[in-house]
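Enquirer: A structural model of the following input is requested.
(chains A and B)
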Amino acid sequence: MSDTHAQTVAFVRETQIPPAPPPATETGVIKWVRENLFSSWVNSILTILSIYFIVRGVIAVYPWFANGVWGTSDLATCRQILDGATGACFSVLQDRWRQMIFGIAYPDDQYWRPLLAFALLLVCVAPVLFSKLPRKLLILSALYPFLAYWLIWGGTIMIPIMVMVGFVAGYYAFTWAERASGFAAGLASFVVTASVVWFIGGLISGAMPGFIALQEVPSRDMGGFMLNMILGTICVSLSLPLGIVLALGRQSSMPIIKGICVVFIEFIRGVPLITLLFVANVVLAYFFPPGTNLDLILRVIIMITMFSAAYIAEVIRGGLAALPKGQYEAGDSLGLNYSQSMRLIILPQALKISIPGIVNVAVGLFKDTTLVSVISMFDLVGVLRGPILSSTAWTGIYWEAFGFAALLFFVVCYGISQYSQWLERQLRTDHR
Amino acid sequence: MAELQTNMDVDTSQMKVSDEVAIDIQSMNKWYGAFHVLRDIDLTVYRGERIVICGPSGSGKSTLIRCINALEEHQAGSITVDGTLLSSDLKNIDTIRSEVGMCFQHFNLFPHLTILENCTLAPIWVRKTPKKEAEEVAMHFLEKVKIPDQANKYPGQLSGGQQQRVAIARSLCMKPRIMLFDEPTSALDPEMIKEVLDTMIELAEEGMTMLCVTHEMGFARQVANRVIFMDAGQIVEQNEPEEFFMNPKSDRTKLFLSQILGH
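Expert: You can find the predicted model right below:
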């Protein structure tokens, strides 16, 4: 084989080639523009067309904002000032913002209470959302529901305190009985202990209605965006744990538990939320003994929670199914029991996979709270459609009012979405 | 048989088989539906034994060792591990599982926990070891498998060989008296197989009772004191490695050995 070129066939690398920076034309703004806006003639045309439409859109909408009228007390005066020109009547927001935020009946001088509750919500939910904060702060989050109830609904502080004491006593009874004779006994002793404490607590708080009391505000006076926030916050935070329990129950090897969960999920998912809300409003009353009057907000909370819990359960079931069987086996082979391997191994991973789905349900749930307007509760949409649009002063004002409502919902939903994306980045442990 | 002449220096001074029974399996049978996977398995493992189980795929060798820590349920016969009878009693199962360590083909590390957390999880929650002590034990075993510097990384950042060594360390943190290996090197590159085998040899040298399902015949020959050949759910032949490889008795064993050693 004399025609083999030894120097081109055999090769040994003796030095490493050092890494070099990319060429200067491959970085910076110019590269971005060229790659993303003008990479081919089709893209260039599309870019120019898009710029044209964006400019046209801004030109069309700008006067509506710029000529916006503030400070009139009804629509007719506003139209007079505009005198045929394009412009918004933002004065409806100025005139009616109290109703939009707090509803029609919440006492004016008590607005600080829901506002304080909202501010505290931001503080107390932080330890739950950000795991880097000290874990001791979770006590704040645990106290918050009772504090918020007292702030928003008022009455004596003894009621939330007694409810809380009932939970704490029940918890201790649960851990004690569970260690002695299993989970079912623990659950039973929780129910018994908590009921006893609540009954006694009811007598105590009934006896001292004036003890550190705020002016009482009945549930029917709640309204506006506040009502949406109340329903959204409570239902999201209740339906997540319920959804987890349902998802695990559906995977259970015990046929009765599995059966109950499957029937519950399939039934609730198969029924429109509106139907459930009408049931909450009208039908549910027939199931309780006459004279008991379960609070309407409480009934609505139960229905929305069940509805979204069924959806969340299915999302989490997807996450559970995505985990390789080896994760269950590794937990088993180390001697972890069922609740330990679920809590420490399976759920952290399954929930991480399910974050986009759970957030999808949570955002949907928050917006679905506006459906309560059809059972004549005056949430934000209910207030707009009822007292504002049907008043003689503001009838016919759609864009400004609903635009404002959309903006409020958008801010909250976009915030939830951004948080979930941040959380997903935080939890990414595969390649860092 | 060049494959058998791997150069592993095995220190056999600590490898002693005692008379104490570690695992006792008696006429154990298992079915997957109507399919009879394990047929009349009788096997007694003494403390300190290193047993290699080999056989063609689908012969039930993985299923056999998975029955020992109840990852699979057997339907007939009895399995006694360290004097505890394996029954449907969850308490017995948990006792046995915490005494028996297991390594899987695909490592099965917990991807959401760091290496250190992977190792301390079970001691903290099952053995109720204080966190600090569990971490010291974990670091001890991570040093032993030669990756203490990776303790705060996540499994996804490690190579396959490193992950399998972490998996071994994770099992050792529970201070098991018996170790089960289910094809621990089958998912690894040749370069990484050696580092895992070295760890396993070290473990054997310290006198750990080991049951390994593996195709590493060099390892079998040098470390095992007994090789078991399984086919179609039955133990076909078992012998000391020298005799097993040089002088197989059954035709099925001869065929198997000629296929895996012949090329």
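
Enquirer: neighbours around the closest residue to residue A:244 other than its chain neighbours, how many?
Expert: Leaving aside its sequence neighbours, residue A:244 sits nearest to residue A:316 (CB to CB, 6 or more residues apart in numbering or on different chains; 6.0 Å). All C-beta atoms are positioned from the backbone trio N, CA, C, and that covers glycine. By other CB atoms under 10 Å in any protein chain shown, 26 other residues sit near residue A:316.

Enquirer: Tell me how far residue A:316 lies from residue B:69.
Expert: 28 Å (CB to CB, to the nearest Å).

Enquirer: can you check residue A:287 too?
Expert: Using CB to CB, residue A:287 is found at 49 Å from residue B:69.

Enquirer: higher neighbour count, the two?
Expert: Shown here are residue A:287 and residue B:69; by other CB under 10 Å, residue B:69 has more neighbours (26 against 9).

Enquirer: list the contacts for that one?
Expert: For residue B:69, the residues meeting the contact criterion (CB atoms under 8 Å, 6 or more residues apart in numbering or on different chains) are A:332, A:333, B:81, B:96, B:97, B:100, B:102, B:180.

Enquirer: cool, residue A:209 as well?
Expert: Applying CB under 8 Å, 6+ apart to residue A:209 gives the contacts A:155, A:156.

Enquirer: And it, what's its pLDDT?
Expert: Note on residue A:209: pLDDT of 73.

Enquirer: same deal with residue A:204?
Expert: Predicted confidence (pLDDT) for residue A:204: 81.

Enquirer: what does the stretch 301-432 of chain A put close to chain B?
Expert: Residues of the stretch 301-432 of chain A found near chain B (CB under 8 Å from any CB of the partner chain) are A:324, A:326-327, A:329-330, A:332-337, A:340, A:344-345, A:348-349, A:352, A:427, A:429-432.

Enquirer: Of these, select the buried ones using a ChimeraX command.
Expert: A single ChimeraX command selects the buried members of those (16 or more other CB atoms under 10 Å in any protein chain shown):
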select /A:327,329,330,332,333,334,335,336,337,340,344,345,349,352,429
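
Enquirer: Just give me the neighbour total for residue A:416.
Expert: Burial measure for residue A:416: 15 neighbouring residues, criterion other CB under 10 Å.

Enquirer: just checking, it touches residue A:363?
Expert: Yes - here residue A:416 reaches residue A:363: they are 5.7 Å apart, a contact under CB atoms under 8 Å.

Enquirer: need the helices for the stretch 1-150 of chain B, in chain order.
Expert: B:61-68, B:90-99, B:115-125, B:131-144 (DSSP state H, counting those that start in this stretch).

Enquirer: Does residue A:109 belong to a helix, a strand or coil?
Expert: helix (DSSP: H, G, I helix; E, B strand; the rest coil).

Enquirer: shaky segments in the chain?
Expert: No chain was given, so I picked chain A. A:1-8, A:25, A:290-293, A:430-432 (pLDDT under 70).

Enquirer: try chain B instead
Expert: Applying pLDDT under 70 to chain B flags residues B:1-8, B:262-263.

Enquirer: And stretch A:119-139, what's buried?
Expert: Judged by neighbour count using 16+ other CB under 10 Å, the buried positions of stretch A:119-139 are A:120, A:121, A:124, A:127.

Enquirer: what sits up against it?
Expert: A:140, A:141, A:143, A:144, A:147, A:148, A:151, A:233, A:419, A:423.

Enquirer: mind putting those residues in JSON lines, neighbour count included?
Expert: Output for the contacts of stretch A:119-139, formatted as JSON lines (neighbours: other CB atoms under 10 Å in any protein chain shown):
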{"residue": "A:140", "neighbour count": "17"}
{"residue": "A:141", "neighbour count": "17"}
{"residue": "A:143", "neighbour count": "14"}
{"residue": "A:144", "neighbour count": "20"}
{"residue": "A:147", "neighbour count": "18"}
{"residue": "A:148", "neighbour count": "22"}
{"residue": "A:151", "neighbour count": "21"}
{"residue": "A:233", "neighbour count": "19"}
{"residue": "A:419", "neighbour count": "14"}
{"residue": "A:423", "neighbour count": "16"}
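
Enquirer: Filter these down to just the ones in helices.
Expert: Residues from the contacts of stretch A:119-139 lying in helices, with DSSP state H as the criterion: A:140, A:141, A:143, A:144, A:147, A:148, A:151, A:233, A:419, A:423.

Enquirer: check contacts around residue A:155.
Expert: A:209, A:213, A:214, A:216.

Enquirer: Quick check: the gap between residue B:225 and residue B:211.
Expert: Applying CB to CB to residue B:225 and residue B:211 gives a distance of 12 Å.
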